[in-house]
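> Make a model of this:
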Amino acid sequence: MSVTSSIKSRASVATVPDASFTMVAALDVGTAYSGYAYAYRKEMDEGMDNVIVNNPWSSADKSTTTYKTPTQLLLNEKREFEAFGYEAQKRYAELHQQGRHERCFYFKKFRSKIASGQAGIPGEALRLALESEVASVYCQNMKGVGKLPIHSPGCTYVVADIGGGITDIVLHQKRTDGRLKEMNKGGGCLVGSSHVENSFLQFLVRIFGAPAVREFLDECQIEVIDILKQFEMAKKGMISDQAKPLSIGIPVGLERICRKKNHGEDLSVIVQRSMYRDKAKLADNTLHIDVTICREFFNSACLEIAKCIRNVLLDHNAKECTMLILVGGMASSTIVQDILKQELESKTKIQRIIVPPEPELAVLKVK
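Numbers count the residues shown, from 1 in each chain. Below is the predicted model of the structure:
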């Protein structure tokens, strides 16, 4: 299946490669996470079950397992490639312990330019695809979900791909010949899962103070990685009707800095003195955060995404659009789904929100 457009194309979506290729690989280099998948050319037409996705990656301490690896890059002192993903985290921690980390270059949650030649990919073998468009093709071909309205010719729907730092939004229509027609110039916003992480950091600022948190972020980079990894995994495990508090271990460095900034006061006293004294408790160096606060971490990002979707729905081509498809890593969160339902199903023409299985892999598993 391919995407056609009544406007100037923004990318080439080639889901049926040249017959000379025996294998097709997909690379998804995201702001927060990256992954890959591949399939043999002769098996592609048989379905997405034949698309082989990389095995789940694990962090060095095995506490974290994800379908994609973090978009984190480590270069050595010569600015040469050293490691990527969880391996970059591990190697950077080792260099930090050896006191050699200041000679290296550690990047995370960055956007990259296409440099296929340097990666050894011939230009004629490279196809670029917009994530939201590819995700739309994925949803048209996914199995085990029965007949969906989006499969019917003439159906118009919105796809929102919520990534790490960007949400891409596209309006598609299923044509009578089975192809997809792009009905708008595309939209979106610079909002994604990283904004939920920023809300968590602002929460720490409001409890421990900006000077303490700023010093912690600047001087305790390994422990920063650890606490954000804790939050990421706790965030992924949260459900909309959860009653249990979210628990985050407080790093030694943050405790030390807070004591220094507050004349030796115990961390529990600092928490009790904060504006969250009724919503956050400290026990055994673990911060237990009330679920009402945790949901607030998602609010600002989701409200901005809902606003962008409403703007797309104002397009004259969207007057018959009643369905929204959510893909991307953040789409798997039931909290995100609930907020968007509240904001869209009662305030716009959207009547149904569809989330495919494994929405974080939607871009990679297109046949």
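> quick one: Ala135 is in a helix?
Yes - looking at Ala135 with DSSP: H, G, I helix; E, B strand; the rest coil, it is inside a helix.
> Extract the residue ranges of the chain that are flagged as low pLDDT.
By pLDDT under 70, the weakly predicted segments of the chain are 1-19, 45-48, 114, 116-117, 143-147, 367.
> Return the residue of it that is most distant from the centre.
Centroid-distance maximum for the chain: His263 at 39.6 Å, with CA atoms, centre = their mean.
> tell me which element that residue falls in.
For His263, there is no helix or strand it lies in under DSSP states H and E.
> and the gap between it and Ala280?
Distance, His263 to Ala280, using CB to CB, to the nearest Å: 21 Å. (C-beta placed from N, C-alpha, C; glycine too.)
> Can you tell me how far the residue farthest from the centre of the chain is from Ile270?
Counting by CB to CB - His263 and Ile270 are separated by 11 Å.
> again, but for Arg259
Here Arg259 is placed at a distance of 9 Å from Ile270 (CB to CB).
> List the buried residues in stretch 32-45.
Within stretch 32-45, the residues that count as buried by 16 or more other CB atoms under 10 Å are 32-35, 37, 39, 44.
> and Asp168, helix, strand or coil?
Under three-state DSSP, the three-state class of Asp168 is strand.
> Run a quick check on it versus Ala129, I expect a contact.
No - using CB atoms under 8 Å, Asp168 makes no contact with Ala129, being 11.3 Å away.
> With neighbour numbers in mind, choose between the two.
More neighbours surround Asp168 than the other of Asp168 and Ala129, with 22 against 19 (other CB atoms under 10 Å).
> Show the backbone phi and psi for Glu87.
Backbone geometry at Glu87, expressed as degrees, to the nearest 10, gives phi -70, psi -30.
> number of nearby residues for it?
Glu87: 17 surrounding residues under other CB under 10 Å.
> State the distance from it to Ala115.
From Glu87 across to Ala115, the span is 21 Å (CB to CB).
> and what of Asn317?
In this view, Asn317 and Ala115 are 35 Å apart by CB to CB.
> Show me which of the two is the more surrounded one.
Using other CB under 10 Å as the criterion, Asn317 and Ala115 rank with Asn317 on top: 15 against 8.
> so what's the more buried one up against?
Neighbouring residues of Asn317 by CB atoms under 8 Å, 6 or more residues apart in numbering: 156, 171, 173, 183-184.
> cool, Ser34 as well?
Here Ser34 is in contact with 27-28, 68-71, 84-85 (CB under 8 Å, 6+ apart).
> in the stretch 251-367 of the chain, which spans are strands?
Using DSSP state E, counting those that start in this stretch, the strands assigned to the stretch 251-367 of the chain run over residues 280-283, 286-289, 323-327, 352-354.
> My guess is Gly85 contacts Thr64. True?
No - if you go by CB under 8 Å, Gly85 and Thr64 don't touch, sitting 11.3 Å apart.
> Return the subset of the contacts of Ser34 lying in strands.
Applying DSSP state E to those, the entries found in strands are 27-28, 69-70, 84.
> Give me the buried entries from those residues.
Buried subset of these (neighbour count, 16+ other CB under 10 Å): 28, 69-70, 84.
> Closest to Val291 out of these?
For these, the closest approach to Val291 (CB to CB) belongs to Pro70, at 25.9 Å.
> What residues are bridge-paired with the closest one?
Note on Pro70: beta-bridge partners by DSSP bridges are Tyr33.
> Then Phe107?
Assigned bridge partners for Phe107, using DSSP bridges, are Leu73.
> max-length helix in the protein?
Longest helix of the chain, by residue count under DSSP state H: helix 291-313.
> any idea of the angle it forms with strand 323-327?
Relative orientation of helix 291-313 and strand 323-327, computed by axes from the mean of the first three to the mean of the last three CA atoms, to 10 degrees: 120 degrees.
> So for Arg259 and Ile270, which sits in the more crowded spot?
Set Arg259 next to Ile270 and count neighbours by other CB under 10 Å: Ile270 wins out with 19 against 15.
> Okay, helices next: where are they in the stretch 151-300 of the chain?
Applying DSSP state H, counting those that start in this stretch to the stretch 151-300 of the chain gives helices spanning 193-208, 210-219, 221-237, 252-261, 267-273, 291-313.
> right, and Gln89 touches Thr71 too?
No - Gln89 is beyond contact range of Thr71, at 11.4 Å (criterion: CB under 8 Å).
> And the ones in strands among the contacts of Ser34, which two are furthest apart?
Leu27 and Pro70 (15.4 Å).
> Count the neighbours of the closest residue to Lys319 other than its chain neighbours for me.
Once flanking residues are discounted, Lys319 sits nearest to Lys349: 7.9 Å by CB to CB, 6 or more residues apart in numbering. Applying other CB under 10 Å, we find 15 residues neighbouring Lys349.
> again with Arg206
As a measure of burial, Arg206 has 13 neighbours, counting by other CB under 10 Å.
> What of Thr64?
Neighbour count for Thr64, taken as other CB under 10 Å: 18.
> What residues does it make contact with?
Counting by CB under 8 Å, 6+ apart, Thr64 touches 58, 86, 229, 232-233.
> Tell me the buried residues within the residues you listed.
Buried among the contacts of Thr64 (16+ other CB under 10 Å): 86, 229, 232.
> The last one and Phe200 touch, don't they?
No - Glu232 lies out of contact with Phe200 (CB under 8 Å); the separation is 9.5 Å.
> Return every residue with contacts to both of these two.
Common contact partners of Glu232 and Phe200 (CB under 8 Å, 6+ apart): none.
> Would you quantify the distance from the residue lying closest to Ile353 once chain neighbours are set aside to Trp57?
Excluding its sequence neighbours, the residue lying closest to Ile353 (CB to CB, 6+ apart) is Leu324, at 4.9 Å. Applying CB to CB, the value for Leu324 to Trp57 is 30 Å.
> Done for today, thanks.
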